[in-house]
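J.: Let's see this in three dimensions:
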Amino acid sequence: MDELDEFFLTDDIFEMVRLDFTETQHDVVEKLRDALTRNDFKNAEILVHTLKTIAAMMAEEALSHMALQMELGFKNKENPTEDTLKNLEAEVKNIINR
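T.: Alright, predicted model coming up:
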């Protein structure tokens, strides 16, 4: 088990996850807004589920929690407020720009 733990905690793996985050999540809020405009809650749910998972892998707890709350709302077909979307966008940009 120690060898497996060491594999997952390498700097190279962490950097790969960060690069993936930057490449795939930089426009996630724009995609969310588009899905919500079309009342496509299923796609919105998938988008925030992916965001939540990658954020958790990066130990970005605040972003992961924000995405979880949105995911739960989408399951109930609830639209997030514009402030919520702006906060999510700011957190994503903050992580990308570190």
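J.: all contacts plus neighbour counts: C-alpha atoms, from now on.
T.: Noted.
J.: What are the buried residues along the top helix by length along the chain?
T.: The residue-count maximum for a helix in the chain (DSSP state H) belongs to helix 41-57. Neighbour-count burial for helix 41-57 flags 41, 43-45, 47-55 (criterion: 16 or more other Cα atoms under 10 Å).
J.: Averaged pLDDT, that helix. What do you get?
T.: Helix 41-57 comes out with an average pLDDT of 96.
J.: Equivalent analysis for stretch 78-92, please.
T.: Average pLDDT, stretch 78-92: 96.
J.: hang on, L51 packs against S64?
T.: Yes - L51 is in contact with S64 according to Cα atoms under 8 Å; the separation is 7.2 Å.
J.: Is K77 in a helix, a strand, or coil?
T.: coil (DSSP: H, G, I helix; E, B strand; the rest coil).
J.: Enumerate the positions of stretch 57-73 that are buried.
T.: Residues M58, E60, L63, S64, M66, A67, L68, M70, E71 are the ones in stretch 57-73 that count as buried (16+ other Cα under 10 Å).
J.: ok, the first one - contacts?
T.: The neighbourhood of M58, defined by Cα atoms under 8 Å, 6 or more residues apart in numbering, consists of F14, V17, R18.
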